[in-house]
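Visitor: Got a sequence here, can you model it:
(chains A and B)
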Amino acid sequence: MTETAELNTQHPSAWWSDQLQRLAEHSEQAVFVELYKHFGPKVATYLARLGATAAMSEELTQETMLSVWRKASSYKREKAAASTWIFTIARNQFIDAMRKQNSSPEVPSQDTVEPVASDDPVGLVDAEPLRREIKNLPIVQSQVLYLSYFKGLSHSEIAADMNIPLGSVKSNLRLAFQKLRAKLRTNQ
Amino acid sequence: MKTHHHPDESTLVSYAAGALPANAALLVSCHLQMCDHCRATIRDAEFIGGTMLEDLPDTPISTAGLASVLRRIEHESEPAPVRVPPQTLSPDELPLPLHDLFGRKYSDIDWSPLVPGVGQVKASTASGTVRMLNIAPGTCLPMHSHRGSEMTLVLRGSYTDEIGRFGVGDVADLDPSVEHQPIVDSKIPCISLVVSDAPLKFRGIVPRMLQPFFGI
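Guide: Below you'll find the predicted structure:
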């Protein structure tokens, strides 16, 4: 793990967004390889936490990164950070894979809508204040956030898992989100 | 389009996290096509997801995987953009996310009568069913509450209840505790999309894959 980290050096989030923008404009394979090596291992961890087996996680990581290549030309630096953009692709890969296993009717993935029409440049936001706030969340808020993002549990599943009322799940998720969201706008 | 009633923030965060049941996610997708306000919320919740992703520890992945992806992209020409812009709907057209389940046009739907003045069609998703209700102008539904959480998205027409007036694009995201009595107050029938929390939920990924066999 440390070895990979050293190979990748410690670039800040913004640097990776710049790289993805370069890929968007020039389709350079060398840039893609860098992005693969940085984000691939994190996507693999994300998928494993969601419940993917090692084989499935490896396969979906490849599919996610392949999508990064294919969709790169639609990436806009000011609209989304690279991490946000890759997170949504990995999330949708997982949702689609689960639906295929269920052989349920084809419902379009969640990314069929342009993320936002406004001119608010969220892609340029500094993530550091958000990072600190995530670490400072009260334990229950932190747990509901974790179970939502990394276990993919619904509100009622979290209520059962944590043995708290459904209303508490919702209010804690709301509180956590409001605190974190406030940190995205502090520098603007 | 200006909508006035939105899904609860906790619902939107779960959507961005990929944690909403498929039926609820479908309804939220339809609302997002009509609501800039909630798209901005989703965007911020996805930013949080991305930041947490970036802070995850690394899982070693095989170099063979990278090699295989590189082989695949070599055979591809210029990557093509794939995002679909928000849709402009003609009055008879269903929102795009519903086309595969219910068809493209309201006028082609074969409604089953539920009670006088109310028609219904149902479809199932990976978790839970979605229903569309077609309620005649002036119809007043009996006072009721819900066994679980229930979300309603107005697609055509409008209704009024104790909470307020709900027009096209508005969402009522109701707790089980809420009692209400909707009245259709538009001149045209009110068509809405309704999803309910599945009455019985299993935890975890593998049990969730079994849900279709239990028909929930």
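Visitor: Tell me where the model's unsure across chain A.
Guide: Along chain A, the model assigns pLDDT under 70 to residues A:1-9, A:102-120, A:186-188.
Visitor: Show me the longest helix that occurs in the chain.
Guide: Picking chain A for this. helix A:29-50 (DSSP state H).
Visitor: Actually, chain B is the one I wanted.
Guide: Longest helix in chain B, counting by DSSP H: helix B:36-54.
Visitor: Measure how it sits relative to helix A:29-50, angle-wise.
Guide: Counting by axes from the mean of the first three to the mean of the last three CA atoms, to 10 degrees, helix B:36-54 lies at 90 degrees to helix A:29-50.
Visitor: Would you mind giving the secondary structure of residue B:151?
Guide: strand (DSSP: H, G, I helix; E, B strand; the rest coil).
Visitor: same deal with residue B:76?
Guide: Applying three-state DSSP: residue B:76 is coil.
Visitor: Now do the contacts for it.
Guide: A:69-70 (CB atoms under 8 Å, 6 or more residues apart in numbering or on different chains). Quick note: C-beta positions are derived from backbone N, CA and C, even for glycine.
Visitor: Check it and give its pLDDT.
Guide: Predicted confidence (pLDDT) for residue B:76: 76.
Visitor: do the same with residue B:126
Guide: For residue B:126, the predicted pLDDT is 82.
Visitor: now could you export just the CA positions of the helix or strand where residue A:99 lies as PDB?
Guide: Assigning secondary structure by DSSP states H and E places residue A:99 in helix A:82-101. The C-alpha coordinates for helix A:82-101 follow below in PDB (Å, rounded to 0.1, in the frame of the first residue of the first chain):
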ATOM      1  CA  ALA A  82     -11.800  14.200 -10.900                       C
ATOM      2  CA  SER A  83     -12.500  12.300  -7.700                       C
ATOM      3  CA  THR A  84     -16.300  13.200  -7.900                       C
ATOM      4  CA  TRP A  85     -16.400  12.300 -11.500                       C
ATOM      5  CA  ILE A  86     -14.700   8.900 -11.000                       C
ATOM      6  CA  PHE A  87     -16.800   8.200  -7.900                       C
ATOM      7  CA  THR A  88     -20.000   8.600  -9.900                       C
ATOM      8  CA  ILE A  89     -18.800   6.300 -12.600                       C
ATOM      9  CA  ALA A  90     -17.700   3.600 -10.100                       C
ATOM     10  CA  ARG A  91     -21.000   3.900  -8.200                       C
ATOM     11  CA  ASN A  92     -23.000   3.500 -11.400                       C
ATOM     12  CA  GLN A  93     -20.900   0.500 -12.500                       C
ATOM     13  CA  PHE A  94     -21.700  -1.200  -9.200                       C
ATOM     14  CA  ILE A  95     -25.400  -0.400  -9.400                       C
ATOM     15  CA  ASP A  96     -25.600  -1.600 -13.000                       C
ATOM     16  CA  ALA A  97     -23.700  -4.800 -12.100                       C
ATOM     17  CA  MET A  98     -26.100  -5.500  -9.200                       C
ATOM     18  CA  ARG A  99     -29.100  -5.000 -11.400                       C
ATOM     19  CA  LYS A 100     -27.700  -7.300 -14.100                       C
ATOM     20  CA  GLN A 101     -27.200 -10.000 -11.400                       C
END
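Visitor: Before I go, just wanted to say thanks for your time.
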